[in-house]
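> fold the stuff below for me.
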Amino acid sequence: MKTTLKKLSLATTALVGLAGLASAQECGDLSIASMNWQSAELAAAVDQFILNNGFGCNAEIIQGDTVPTITSMVEKGEPQLAPEGWIDLIPEVVQSGLSEGKIVGAATILSDGAVQGWWVPKYIVDANPEIKTIDDALAHPELFPDPEDSTKGAVHNGPQGWGGTVVTAQLYKAFGAEAAGFTLVDTGSAAGLDGSIARAYERQEGWVGYYWAPTALLGKYEMVKLEHGVPLDMDEWKSCTSNAECAEPKKNDWPKDTVQTIVAKSFADSAPAEVMDYLNKRSWTNATVNGVMSWMTDNQATGEDGAKHFLKENESLWMEWVSPEVAEKVKAAL
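Predicted coordinates:
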């Protein structure tokens with residue numbers, strides 16, 4: 001009897017092992033593109049940890065950037081996965097890849113979209129709840145003093161060469177900021193822009209200007225994005241709002257960027273259904289990502305560190321993306 005039970009136990013163990021091996025082979029090898037910014041590094045590391053430990057994949061991370069990565073996926077089917085694809089930057093390539101069956105779109109990983117615009121510190125809005133729009137802020141230059149001339153207000157812009165810097169300069173003209181008593185401040189660099197927000201926050205002073213999400217800085221300093229008070233006009237956006245050569249821009253809204261997971265069609269067809277189900281569900285908000293990136297920055301953490309921190313601190317979120325069995329494997333690996 002003992003010998004028989006031992007044989008049955010060994011056979012069961014072997015079957016479990018073979019099943020695990022089969023699962024790994026079924027998922028197989030895949031490469032995940034980690035772009036050269038913090039939120040994309042985090043997303044790639046989260047996917048690698050969950051796919052490898054939860055689904056038995058053999059996923060490796062490679063470095064990439066939006067245009068070359070998605071172009072390579074369309075032309076060569078590699079890499080197999082781009083967790084954070086800023087698809088609005090190359091709409092023609094994406095549409096071509098989708099229509100030709102070279103790539104498929106999975107979850108919109110940033111559920112509330114990538115956001116750009118003019119922001120103010122939350123403590124300013126708390127003290128002045130009537131400030132909701134750009135026009136509302138421009139009616140109070142005294143709340144947003146120019147660091148060089150306190151008799152004027154200041155709109156802080158980004159570095160030269162950024163698309164957001166061009167748009168902010170155009171909106172500065174469109175909303176009549178100069179006539180309202182504001183100057184447009186060139187912060188000189190990304191560090192200069194960040195530093196101006198940090199200084200304002202540390203001194204609890206007023207600040208208004210260009211910024212975007214997701215970013216670590218907005219995870220550290222609570223900011224409120226001003227509404228534009230007008231609907232988005234995409235024709236105006238393309239011809240004038242985003243065009244520095246346009247002399248007479250009109251008031252306009254700022255479109256959100258769609259940030260979506262892109263999967264090579266060959267992998268989508270061969271991967272287990274539950275893997276694609278995960279990739280179609282996996283999504284988070286700017287606030288969630290901002291918080292994790294702020295922790296990463298404060299702790300000089302890598303994407304892998306950030307992924308583990310996210311998984312430990314946000315179980316209720318990521319467990320909705322996977323089955324209970326997969327969740328247990330991921331928790332055990334942590």
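> strands of the stretch 101-250 of the chain, start to end?
103-105, 115-121, 145-146, 149-157, 182-186, 209-213, 223-225 (DSSP state E, counting those that start in this stretch).
> what sits up against stretch 27-41?
Applying CB atoms under 8 Å, 6 or more residues apart in numbering, the contact partners of stretch 27-41 are 44-45, 47-48, 51, 55-66, 69, 78-84, 214-216, 267, 270-272, 275, 289, 293, 296-297, 302-303, 306. All C-beta spots, glycine's among them, are computed from the backbone N, C-alpha and C.
> so which of these belong to strands?
Per DSSP state E, strands hold the following members of the contacts of stretch 27-41: 58, 59, 60, 61, 62, 63, 64, 81, 82, 83, 84.
> from these, which two are the most distant?
The span of the ones in strands among the contacts of stretch 27-41, defined through CB to CB, is set by 58 and 84 at 21.3 Å.
> more crowded one of those two?
Neighbour count, other CB atoms under 10 Å: between residue 58 and residue 84, residue 84 has more, with 26 against 12.
> got the contact list for the more buried one?
Shown in contact with residue 84 (CB under 8 Å, 6+ apart): 35, 39, 40, 43, 44, 109, 110, 259, 261.
> ok, and the most crowded of the residues you listed?
Among these, residue 43 has the most neighbours (other CB under 10 Å), with 29 neighbours.
> could you measure from the closest residue to that residue other than its chain neighbours over to residue 196?
Leaving aside its sequence neighbours, residue 43 sits nearest to residue 83 (CB to CB, 6 or more residues apart in numbering; 3.9 Å). Taking CB to CB, to the nearest Å as the measure, residue 83 falls 31 Å from residue 196.
> looking at these two now, which is surrounded by more residues?
Counted by other CB under 10 Å, residue 83 and residue 196 do not tie: residue 83 has more neighbours, with 29 against 18.
> now mean pLDDT, distance to residue 176 and mean neighbour count too, for the strands of the stretch 101-250 of the chain, in CSV please.
Formatted as CSV, those follow (pLDDT from 0 to 100; distance: least, CB to CB, whole Å; neighbours: other CB atoms under 10 Å):
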stretch, mean pLDDT, distance to residue 176, mean neighbour count
strand 103-105, 97, 40, 21
strand 115-121, 97, 14, 22
strand 145-146, 96, 17, 18
strand 149-157, 96, 12, 19
strand 182-186, 97, 9, 18
strand 209-213, 96, 17, 22
strand 223-225, 97, 20, 19
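> quick one: closest of these to residue 284.
Closest among the strands of the stretch 101-250 of the chain, using CB to CB: strand 209-213, at 12.1 Å.
> which residue ranges of the stretch 201-334 of the chain form helices?
With helices called from DSSP state H, counting those that start in this stretch, the stretch 201-334 of the chain shows them at 216-220, 234-236, 265-270, 273-281, 286-298, 303-313, 315-318, 324-333.
> could I get those as a markdown table with mean neighbour count?
As requested, the helices of the stretch 201-334 of the chain are exported to a markdown table (neighbours: other CB atoms under 10 Å):
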| stretch | mean neighbour count |
| --- | --- |
| helix 216-220 | 21 |
| helix 234-236 | 13 |
| helix 265-270 | 17 |
| helix 273-281 | 17 |
| helix 286-298 | 20 |
| helix 303-313 | 18 |
| helix 315-318 | 14 |
| helix 324-333 | 14 |
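> can you redo the ones you listed as JSON lines with mean pLDDT?
Compiled in JSON lines, the helices of the stretch 201-334 of the chain are given as follows (pLDDT from 0 to 100):
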{"stretch": "helix 216-220", "mean pLDDT": "94"}
{"stretch": "helix 234-236", "mean pLDDT": "96"}
{"stretch": "helix 265-270", "mean pLDDT": "96"}
{"stretch": "helix 273-281", "mean pLDDT": "97"}
{"stretch": "helix 286-298", "mean pLDDT": "96"}
{"stretch": "helix 303-313", "mean pLDDT": "97"}
{"stretch": "helix 315-318", "mean pLDDT": "97"}
{"stretch": "helix 324-333", "mean pLDDT": "98"}
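> let's have those in CSV, adding distance to residue 175.
Formatted as CSV, the helices of the stretch 201-334 of the chain follow (distance: least, CB to CB, whole Å):
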stretch, distance to residue 175
helix 216-220, 23
helix 234-236, 14
helix 265-270, 45
helix 273-281, 40
helix 286-298, 24
helix 303-313, 37
helix 315-318, 37
helix 324-333, 48
